[in-house]
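S.K.: Pasted the sequence and its predicted model underneath.
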Amino acid sequence: MSVSTVKSNKCFGGQLTKFSAKATSYNGLETKFNVFIPEGKGPFPVLYYLAGLTCDEDNGATKAGFQGPAAAHGIAVVYPDTSPRGAGIEGETAAWDFGVGAGFYIDATSPKYSAYYKGYTYLTQELPGLLRKTGLPLDLTRQSLMGHSMGGHGALMLYLKNTSTYYASCSAFSPIANPTRSPWGTKAFAGYLQGGVEEGKAWDSTELLKQAKGRELRIRMDWGGADDFFKAGQLLPENFLAVAKEIGAEDQVVATEREGYDHSYYFILTFAAEHVAFHAKYLNALAPGKPE
Ligand SMILES: N[C@@H](CCC(=O)N[C@@H](CSC=O)C(=O)NCC(=O)O)C(=O)O
């Protein structure tokens, strides 16, 4: 599938470009993604940002404040969309926490959604191929993940389902860390998965962490103490941390509750530079891959 440029803006000395492509994982529907490339020659390691419910490829690029720190560390940032758009499935736009804008980055197996909602395949297999086609100086042998809320779930889940050589590090802002026990997650898994919430355990980072004993983990997470979604039990970082302790990995999960912060992009903006620096430590320590 070909990739076309929608627009491009200079930003922190680099360039933020929006691309459009037809995605096989979304049954041929058009999808968009933004890519920030720092000034210089590259090839640059790649840091993905997965956004939350109701978002698209623009929320992170316009509101999160990653481009400045990424330019300083010589890292590219990729902002994908959060779901397919335009499938026309009955009911897919009826709620803000399910369907369009709420794909949960998983591969659906329910007959109603499985033809279009293949977010996991899109991110792990198809998007890297589309990025190669942009011709940008990206080093796809050095990739890391970050995300917010539903996107924090996505980042943790992708990181834990793949090896550290595929994704070097993972960070999450206010992640839905145990979706099979959260109202948002159980709603999503009941709708997208033929086997419902039980099948959802294969996409739940707290469950996946149980199988990660002995693996070297590079995870950072922050959430706000005044986040109403945290207080309502949607995020459950405490469950993820309890498993980290059980498997002896508590030192490899840097987790902090930030007093007074809520769920918004003001919170992300505050800690954006720290998250990018966390990834830069790992990405820039890796030997650059061969140019493709
Ligand atoms: N219903 C509200 C709230 C939706 C909301 O807060 N979305 C968050 C992500 S929540 C978990 O994934 C978000 O990032 N919103 C976008 C933003 O730019 O703030 C609504 O519809 O707004």
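M.R.: All right, it came through fine. Remember, predicted model here, so these are calculated numbers, not experimental data. Numbering: from 1, shown residues only.
S.K.: which residues touch the residue nearest to residue 270 when sequence neighbours are not counted?
M.R.: Excluding the flanking residues, the one nearest residue 270 by CB to CB, 6 or more residues apart in numbering is residue 261, at 6.9 Å. All C-beta spots, glycine's among them, are computed from the backbone N, C-alpha and C. Residues near residue 261 by CB atoms under 8 Å, 6 or more residues apart in numbering: 223-227, 267, 270.
S.K.: which ones among the residues you listed are found in strands?
M.R.: 223-224 (DSSP state E).
S.K.: Just send the contacts of residue 261 back as TSV, with pLDDT too.
M.R.: Putting those into TSV (pLDDT from 0 to 100) gives the following:
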residue	pLDDT
223	98
224	98
225	98
226	98
227	98
267	98
270	98
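S.K.: Check the contacts of residue 261 for burial and list the buried ones.
M.R.: 223-224, 227, 267 (16 or more other CB atoms under 10 Å).
S.K.: what's the first-to-last distance across stretch 227-247?
M.R.: Start to finish, the residues bounding stretch 227-247 are 28 Å apart (CA to CA, to the nearest Å).
S.K.: separation between the residue positioned nearest the centre of the chain and residue 4?
M.R.: For the chain, the residue nearest the mean C-alpha position is residue 50 (2.9 Å; CA atoms, centre = their mean). Distance check for residue 50 against residue 4: by CB to CB, to the nearest Å, it reads 23 Å.
S.K.: And residue 148, by the same measure?
M.R.: Distance from residue 148 to residue 4, by CB to CB: 28 Å.
S.K.: out of those two, which sits in the more crowded spot?
M.R.: residue 148 (28 against 12; other CB atoms under 10 Å).
S.K.: Hmm, that one is touching residue 268, no?
M.R.: Yes: with contacts counted by CB atoms under 8 Å, residue 148 reaches residue 268, the gap being 5.8 Å.
S.K.: how about the longest helix anywhere in the chain against the ligand, any contact?
M.R.: Counting residues, the longest helix in the chain under DSSP state H turns out to be helix 265-283. Yes: judged by CB under 6 Å from any ligand atom, helix 265-283 and the ligand are in contact via residue 265.
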